[in-house]
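In: Got a predicted structure plus its sequence, pasted below:
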Amino acid sequence: MSESATVFKNLIAGEWTESVSGKTFANINPADTRDVVGQFQASVVADAQAAIQAASSAFAQWRRTPVTARARIVNKAADWLESHADTFAQELTREEGKPLAQSRDEILRSAQVLRFYAVEAQSFTGETFPSDDPEQHVYTQREPLGVVTVITPWNFPISIPARKIAPALMAGNTVIFKPSSDAPLIGYRLAEAFAQAGIPAGVLNFITGRASDIGAAITESPVVRAISFTGSTAAGEHIHRSVPITTRTQMELGGKNPLIVMDDADLDRAVDLAVKGGLSLSGQACTGTSRILVMESVRETFTAKLVERVKSLKIGSGVTPGMDLGPLANRKQLESVLGYVASGKEQSTHLIGGEQLTGEGFEHGYYVTPAVFSDVPESARIYREEIFGPVLAITSVTGYDDAIAKANDTEYGLSAAIATSNPRYMHRFADEIEAGTVKINRTTTGNVINAPFGGLKRSSTSTFRESGRAGLEFYTQIKTVYRGL
């Protein structure tokens, strides 16, 4: 379908440049693999080193740029995103697969994130402290770290970069931004927005390519003072172990997020939470609902309602109005999900879904029907492992204590939810669940831009939180000053 796909370049030192490798890679539409969305630079170490050098050279001037001047640039970038929201949403859906309305919402939310940090950073300062010495003034000042690397995934390919890059820039750092190779175009548009806003050369550098080719170069260099990464637990742990001890890391990783359904819950609402939390974005969200722990007394009724709801979901290209689920992001995701479905059929009771769609309209895409399993034992792979696909695992529980024990019996601790009308359960759940994001009668997915976000256990390095005012802390260091009169 795409006979002459556009070639998109890296942004290094304020110039749109080709990789020194002379090679590109194709960005493929997961709804129709015949459609090449664009060709992107297959960068190599030399490109990464050029980006690091550019960011390093730009830092001294950028850190001294008044925060109000930084805010003007960030707000102009937000203007650019908003004015092109419809076009960029089409591109995002085309390269990543999510329904068009979700793509547009993500772009507008990203612009909102930029505006939040343009304001919030202007009051993010140090503290003063009383001293017994009347001729001494003690205070702290916050300073930027220097060059920071931002590495982001394909499932939220503009909102996650926005919430990392905006606080980094507003705090006075310079940035090297590497998007996922499965959805680089909307990352390019974000970099373009800053370029159009007049960001000085080298302050934001955009580079594409395989992690195996450039990952170590942009994370292990001693020039890089901090790394913010969102992705798989295995990849995040590898980066965390590999970087110099002087490099600060912020890793938001995997999840195996539970939804507890108590016997006093509104079951129709609980089903809505399960479907929206577990199947939106075709289950490809780190905070997505994966395990559903249901009271035995309501399990049969809840399960029947859930299966009926899943049957009604519409699957198709994200550009088609009214679709609930789009394709999976790539062939690797498709094969992985189908593998988990096969495993689930061996270890649990298969109720519905999990089939690859190959008929008319689906033959060139990575489509799979949402799957629901019941009687899922705690030893099952679909109970234990992050699937990152539209697969829901139902396990019976005998009471609240049993539910909370099972919910916490995982190596992950990203997000968790409970459906209940009992205030006592609400209070206990907020206190006892081992998760960084706690939802009560809400989906496991979603977070507000002005509140901290992050996980516990192997879902995060648990060093610094993203989002909200806490998001600025990661990108600054504190200096304590003692000044005599």
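Out: Alright, I've got the coordinates.

In: quick one: low-confidence parts of this structure?
Out: 1-3 (pLDDT under 70).

In: so the most centrally placed residue in it, which of the three states?
Out: Centroid check for the chain by C-alpha atoms, centre = their mean gives Ile160 as the closest residue, at 4.8 Å. Secondary structure assignment for Ile160 (DSSP: H, G, I helix; E, B strand; the rest coil): helix.

In: Now the nearest residue to Val20 once chain neighbours are set aside: which helix or strand?
Out: In space, Val20 comes closest to Ala46 once its chain neighbours are excluded; the distance is 4.8 Å by C-beta to C-beta, 6 or more residues apart in numbering. Quick note: C-beta positions are derived from backbone N, CA and C, even for glycine. For Ala46, the host element (DSSP states H and E) is helix 45-63.

In: go on, Val372?
Out: Val372 belongs to strand 371-374, assigned by DSSP H and E.

In: Follow the chain on from that strand and name the next helix or strand.
Out: Using DSSP H and E, the helix or strand that follows strand 371-374 in sequence is helix 381-384.

In: And Glu378, how close does it get to Ile449?
Out: Separation of Glu378 from Ile449 (C-beta to C-beta, to the nearest Å): 36 Å.

In: out of these two, which sits in the busier spot?
Out: Ranked by neighbour count (other C-beta atoms under 10 Å), Glu378 and Ile449 place Ile449 first, with 21 against 11.

In: What strands line up against the strand holding Val372, and which way round?
Out: Sheet pairing for strand 371-374, assigned by DSSP bridges, gives strand 349-352 (antiparallel), strand 391-397 (parallel).

In: Can you pull out the residues in contact with it?
Out: Contacts with strand 371-374, where a contact means C-beta atoms under 8 Å, 6 or more residues apart in numbering, come from 299, 303, 306-307, 310, 341, 344, 348-354, 382, 390-394.

In: what comes up buried for it?
Out: Buried residues in strand 371-374, counted by 16 or more other C-beta atoms under 10 Å: Ala371, Val372, Phe373, Ser374.

In: ok, so of these, who is nearest Phe25?
Out: Ala371 (31.3 Å; C-beta to C-beta).

In: circling back to that earlier point, just the buried subset of the contacts of strand 371-374, please.
Out: Applying 16+ other C-beta under 10 Å to these flags 299, 303, 306-307, 310, 341, 344, 348, 350-354, 382, 390-394 as buried.

In: Which one of the strands paired with strand 371-374 lies nearest to Ala121?
Out: The closest of those to Ala121 is strand 391-397. By C-beta to C-beta, the value is 40.0 Å.

In: Just the residues contacting that closest one, thanks.
Out: Here strand 391-397 has contacts from 260, 274, 278-279, 283, 289-296, 299, 303, 306, 310, 337, 340-341, 344, 348, 354, 370-378, 380, 382-383, 403, 406, using C-beta under 8 Å, 6+ apart.

In: ditto for stretch 122-134
Out: Residues outside stretch 122-134 that contact it (C-beta under 8 Å, 6+ apart): 67-68, 71, 137-142, 171, 469, 472, 476, 478.

In: wait, isn't Val481 in contact with Glu143?
Out: No: using C-beta atoms under 8 Å, Val481 and Glu143 do not qualify as a contacting pair, with a distance of 11.0 Å.

In: So which of those two has more stuff around it?
Out: Neighbour comparison, Val481 and Glu143: the larger count goes to Glu143, with 15 against 11 (by other C-beta under 10 Å).

In: Just checking, which helix or strand succeeds the helix or strand that one falls within along the chain?
Out: Using DSSP H and E, Glu143 falls within strand 136-144. Sequence order places strand 147-151 as the next helix or strand after strand 136-144, per DSSP H and E.
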